[in-house]
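Visitor: Fold the following and give me the result.
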Amino acid sequence: MSAKNDDQWELIARPRKSRNAAIVAAVFLVVVHVTLAILLRTEQTGVFFRLSDQLAMAGLGCVFAAGVLLLARPRLRVGPRGIAVRNVLNERVVDWDLSQGLSFPDGAAWARIELPDDEYISVMAIQSNDRDYAVDAVRRFRAVEAEYTAS
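Guide: Next comes the predicted model:
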């Protein structure tokens, strides 16, 4: 996404700890699988491994790493267009007239956007394990929300 598109959003929040953990885990998976792929040919295990087996092992590490990196995708963007919530797989934009606020229930892992009829959208971008960053993101969200719902 270009910086021009990011200019229309007043708040952009992403998780910190889980994002860093996902990146570290993805790198670890790739390194382990590539190392195993290299060692498959050099160790005498009684099984004959071919180049295709080695490539498959390294490829599996990349696939697993890509799966783990999906956990680094969550993002919350807030601006005049509304609230854009991207979790692991999809993004949903909620208009200001549909939003009934942001809540962070006791014991919840992440915040949620309240919608009419007791529905909600989980906001994985604001996670309880981020502590002060999560509190700051909720405060900034509520400040922007007050700006757009007051009019």
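Visitor: okay, CA-based contacts and neighbour counts for the rest of this
Guide: OK.
Visitor: just so I have it, where are all the helices in this protein?
Guide: Remark: helices assigned in the chain by DSSP state H are 3-6, 17-42, 51-69, 132-149.
Visitor: Rank the helices and strands of the chain by mean pLDDT and give me the bottom one.
Guide: Within the chain, no helix or strand scores below helix 3-6, which has a mean of 57 by mean pLDDT, DSSP states H and E.
Visitor: count of neighbours near residue 118?
Guide: Around residue 118 there are 7 other residues, counting by other C-alpha atoms under 10 Å.
Visitor: Apologies, that question was intended for residue 132.
Guide: Per other C-alpha under 10 Å, the neighbour tally for residue 132 reads 10.
Visitor: One more: the one 3 residues further on?
Guide: When neighbours are counted by other C-alpha under 10 Å, residue 135 registers 15.
Visitor: Equivalent analysis for residue 131, please.
Guide: For residue 131, using other C-alpha under 10 Å, the count is 12.
Visitor: do residue 100 as well
Guide: The burial count for residue 100: 16, using other C-alpha under 10 Å.
Visitor: Equivalent analysis for residue 49, please.
Guide: Neighbour count for residue 49, taken as other C-alpha under 10 Å: 15.
Visitor: dump the residue contacts of the residue nearest to it when sequence neighbours are not counted.
Guide: Once flanking residues are discounted, residue 49 sits nearest to residue 41: 6.0 Å by C-alpha to C-alpha, 6 or more residues apart in numbering. Each residue near residue 41 by C-alpha atoms under 8 Å, 6 or more residues apart in numbering is listed here: 48-50, 54.
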